[in-house]
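**Q** just to be clear, the model below is a prediction. Sequence and coordinates:
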Amino acid sequence: MSNDTARFQSMANTIRALSMDAVQAANIGHPGMPMGMADVATVLYSDYLKFDPADPQWPDRDRFILSAGHGSMLIYALLHLTGYAQPTMDDIRNFRQLGSPCAGHPENFLIDGVECTTGPLGQGLAMGVGMAIAERHLNARFGDDVINHRTWVMAGDGCLMEGINHEAIGLAGHLKLGNLIVLWDDNNVTIDGSVELSSSEDVRARYRATGWHVVDCDGHDAASIRAAIDAALADARPSIIACKTIIGKGAPNKQGTSGVHGAPLGEDEIAAARVELNWPHAPFVVPDEILADWRALGARGTRANAAWKAALAASGKKAALENQLMGVADLAAPALEDYISGIAKDPPKIASRVASQKALEPLTAKLPQLIGGSADLTGSNNTKTPSTDALTAGNYGGRYLYYGIREFGMAAAMNGMMLHGGVVPYGGTFLIFSDYCRNAIRLSALQKAGVVYVMTHDSIGLGEDGPTHQPVEQVMSLRLIPNLNVYRPSDAIETAECWALALQTPNTPSVLCLSRQNLPPVRGEGDENWSALSNRCAKGAYRVKSASAARKVVLLATGSEVAVALDTAAALEAQGIGADVVSVPCQELFNQQDAAYKADILPADALKVSVEAGVTQGWERYTGIDGLNIGLDRFGASAPAAVLFEHFGFSAGKIVPQVIEKLSR
């Protein structure tokens, strides 16, 4: 064995040893994948990956995504060995323990060098598509001398089986994302056993059919791995490299079996593996000479980063890039001041989806970071503006993506784009299809990725399409996700205010629930000189009408039902019953207000009534168990919107008798 070969093997075996020892110490985990892909990872980090452990946020670094997140010890070992501040060896010893950044699956918010949270299979690869899109867009804007890097994804059989894989690779192939390379851990093993138990598809043919370049390699032969990667780099298409590997490589009695996939090897097998790998060192001990080889890779990246920074400073593009990377949190509200002040003088009666588009026009004109899109519903979601040309394989500088009928893939790609940095994505579909996107929306929240989801056709108000398309439980179910702001604005001004708020929270994603039907204006008077400081939606709930007579009732409503609540209040006042009307565009923001504000909005001496065209569960938090909840605890029906609202009781004529009856008890 040559010195170079021995050196390479020792570096790869370090990953194997740390992985099996950490999983054994935790008594839970997945040693098979990192042991099987250790050789591929060593080649990648040694010869190809552009990274700097001293500056994990280097804008032009390559992005490495471990889509097979269950094999998390692979990335933890790589980060430690190459010289990132974390994880320390103590962190690795405490793998999967409370307080260690080495969680069971890689979490981007716990540790630098983890580009995105992975574990739900397939989503890492799909986020990689988004990162590759963001890179190509910024490259088109700033040129090869400023932005020119690759996205590398390590994926397993499970990632390729998941349905989102079909959506993601179709989009990547269509956009010809040649900067995206997937390293497939082709070990033919899943948790249940051999892949043949559940799948007989030709994965390579599927990828070729979607416009990908496909190449095979021996995942345990460095020269073969390098040849495959070189072929991928030379091809203009996105590439998948089928790395034929043995899961759990180095564990002599368990390698190649499902038994090494998701369980510790056991003390006896680890002892045998140490012999097999010629690794006589104690657990969590890395010899200095091997560690020095790994650390040299990190130092090389630091030098490359320094050269990049010098070139950027001389390019004349540094300020522009810094502005692009800064985001839009401080710019969104000022961009809307003239628009909101203007419509306040003559508030329009329009659908909130149309109001959203009108708000997007000044936003996209003034904020080049915004990249929009829709899952084949552009004309319905109203997500395209004159400032957003199509982003295509021939025009990566465009700012609008036609995602096709790929809701889940769109949501995951937007996560990748947001996490990449330099762009702020928003994308549209019908609210009912949020269920297709839901796990990616959850990952937006978990990863602190401030994606904006534009979800239109938000209730039975969409009318004749009927109950298959009418959201009933979706709004409330989305409110269950932590760190997600769900907005349901009542008119054009509230819609613009909600857009400003959504773009002000880069670490919190937002869902805008918007109507198909026209909504009468609720706001206008007093908004003629609007500014960020006068954003009434910022408190999540606010009084749009105060009682004239002695207050007996507080009507809480969202979206299209705010107008219904105002009609109801007028009818109650005509009978001498004082009624406040409170618009609740965002429960999450209201929940953050202090006790005094909440007590003012929800006085203890008044009957509290919620009015929302969706399930009532959850409104008891505000109305109390003695309150009244007007909603829809069943599926809708097919009819014009006005007919449905009356039929299901969303009218003053139907609500007033219930309020009076409740008050009389």
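**A** Structure received.

**Q** OK, contacts around the spatially closest residue to residue 588 that is not a sequence neighbour?
**A** The shortest distance from residue 588 to any non-neighbouring residue, by CB to CB, 6 or more residues apart in numbering, is to residue 485 (4.9 Å). For every residue, glycine as well, the C-beta is placed using N, CA and C. Residues in contact with residue 485, defined by CB atoms under 8 Å, 6 or more residues apart in numbering, are 501, 502, 505, 508, 509, 510, 511, 586, 588, 589.

**Q** specify the beta-bridge partners of residue 485.
**A** Beta-bridge partners for residue 485, by DSSP bridges, are residue 510.

**Q** can you list the weak-confidence ranges in this structure?
**A** For the chain, the stretches flagged by pLDDT under 70 are 1-2.

**Q** please go through it and pick out the longest helix.
**A** The residue-count maximum for a helix in the chain (DSSP state H) belongs to helix 288-315.

**Q** name the residues of that helix that are buried.
**A** By neighbour count on 16 or more other CB atoms under 10 Å, the buried set for helix 288-315 is 290, 291, 293, 294, 297, 298, 301, 302, 304, 305, 308, 312.

**Q** ok and the helix or strand that that helix is followed by relative to helix 288-315, angle-wise?
**A** Counting by DSSP states H and E, the next helix or strand C-terminal to helix 288-315 is helix 318-326. Taking axes from the mean of the first three to the mean of the last three CA atoms, to 10 degrees, one finds helix 318-326 and helix 288-315 inclined to each other by 120 degrees.

**Q** what segments of the stretch 201-350 of the chain are helices?
**A** Under the criterion DSSP state H, counting those that start in this stretch, the stretch 201-350 of the chain contains helices at 203-209, 222-234, 267-276, 288-315, 318-326, 332-344.

**Q** dump the second one to PDB, restricted to CA.
**A** Once side chains and other backbone atoms are set aside, the C-alpha atoms of helix 222-234 remain, and they are given as PDB (Å, rounded to 0.1, in the frame of the first residue of the first chain):
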ATOM      1  CA  ALA A 222     -10.600   6.700  -4.300                       C
ATOM      2  CA  ALA A 223      -9.500   6.800  -8.000                       C
ATOM      3  CA  SER A 224     -13.000   5.600  -9.100                       C
ATOM      4  CA  ILE A 225     -14.700   8.200  -7.000                       C
ATOM      5  CA  ARG A 226     -12.500  11.000  -8.400                       C
ATOM      6  CA  ALA A 227     -13.100   9.900 -11.900                       C
ATOM      7  CA  ALA A 228     -16.900  10.000 -11.400                       C
ATOM      8  CA  ILE A 229     -16.700  13.400  -9.800                       C
ATOM      9  CA  ASP A 230     -14.500  14.700 -12.600                       C
ATOM     10  CA  ALA A 231     -17.100  13.500 -15.100                       C
ATOM     11  CA  ALA A 232     -19.800  15.200 -13.200                       C
ATOM     12  CA  LEU A 233     -17.900  18.500 -13.100                       C
ATOM     13  CA  ALA A 234     -17.400  18.300 -16.800                       C
END
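
**Q** can you pull the buried residues of the helix or strand harbouring residue 132?
**A** Using DSSP H and E, the element containing residue 132 is helix 123-142. Within helix 123-142, the residues that count as buried by 16+ other CB under 10 Å are 123-139, 141-142.

**Q** list the contacts of the closest residue to residue 393 other than its chain neighbours.
**A** Distance criterion CB to CB, 6+ apart; nearest residue to residue 393, sequence neighbours excluded, is residue 176 at 4.1 Å. Going by CB under 8 Å, 6+ apart, residue 176 touches 211, 236, 237, 238, 393.

**Q** of these - the most surrounded one?
**A** With neighbours defined as other CB atoms under 10 Å, the most crowded of the contacts of residue 176 is residue 238; it has 28 neighbours.

**Q** pretty sure that residue sits against residue 212.
**A** Yes - the pair residue 238 and residue 212 qualifies as a contact (CB atoms under 8 Å) at a distance of 5.2 Å.

**Q** who touches both of the two?
**A** Common contact partners of residue 238 and residue 212 (CB under 8 Å, 6+ apart): 169, 172, 173.

**Q** next one: the helix holding residue 132 to chain centre, how far?
**A** Centre-to-centre, helix 123-142 and its host chain are 14 Å apart (CA atoms, centre = their mean, to the nearest Å).

**Q** who does that helix touch, helix- and strand-wise?
**A** In terms of contact count using 3 or more CB pairs under 8 Å, 6 or more residues apart in numbering; DSSP states H and E, helix 123-142 is assigned the packing partners strand 63-66, strand 151-156, helix 163-175, strand 180-186, helix 318-326, helix 407-420, helix 434-447.

**Q** so which of the contacts of residue 176 comes closest to residue 480?
**A** Residue 480 lies nearest to residue 238 out of the contacts of residue 176, by CB to CB, at 35.7 Å.

**Q** identify the residues contacting the closest one.
**A** Counting by CB under 8 Å, 6+ apart, the residues that residue 238 touches are 132, 169, 172-173, 176-182, 211-213.

**Q** same question for residue 86.
**A** Residue 86 makes contact with 79, 80, 101, 111, 112, according to CB under 8 Å, 6+ apart.

**Q** from those residues, which two are the most distant?
**A** The most widely separated members of the contacts of residue 86, counting by CB to CB, are 80 and 112 (11.9 Å).

**Q** what about residue 529, which SS state?
**A** Three-state call for residue 529 (DSSP: H, G, I helix; E, B strand; the rest coil): coil.

**Q** cool, and residue 477?
**A** Assignment for residue 477 (three-state DSSP): helix.

**Q** start at 897 instead
**A** Will do, 897 is the new start, and the previous item becomes residue 1373.

**Q** burial count for it?
**A** For residue 1373, the neighbour count with other CB under 10 Å is 18.

**Q** got it, and residue 1106?
**A** By other CB under 10 Å, the residues close to residue 1106 number 17.

**Q** quick one: residues contacting it.
**A** Counting by CB under 8 Å, 6+ apart, residue 1106 makes contact with 1065, 1066, 1068, 1069, 1070.

**Q** quick check: the second one vs residue 1301, distance?
**A** So the one you mean is residue 1066. Look at residue 1066 and residue 1301: by CB to CB, to the nearest Å, they are 10 Å apart.

**Q** of those two, which one has the most company?
**A** residue 1066 (20 against 13).

**Q** now do the contacts for the more buried one.
**A** For residue 1066, the contacting residues are 1106, 1300, 1302, 1305, by CB under 8 Å, 6+ apart.

**Q** PyMOL command for the buried members of those residues?
**A** A single PyMOL command selects the buried members of the contacts of residue 1066 (16+ other CB under 10 Å):
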select buried, resi 1106+1302+1305
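
**Q** reformat the contacts of residue 1066 as a markdown table; add distance to residue 1556.
**A** Below are the contacts of residue 1066 laid out as a markdown table (distance: CB to CB, whole Å):
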| residue | distance to residue 1556 |
| --- | --- |
| 1106 | 62 |
| 1300 | 52 |
| 1302 | 50 |
| 1305 | 51 |
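
**Q** next, the contact list for the residue lying closest to residue 1033 once chain neighbours are set aside, please.
**A** Leaving aside its chain neighbours, residue 1033 sits nearest to residue 1292 (5.4 Å; criterion: CB to CB, 6+ apart). Going by CB under 8 Å, 6+ apart, residue 1292 touches 1032, 1033, 1035, 1036.
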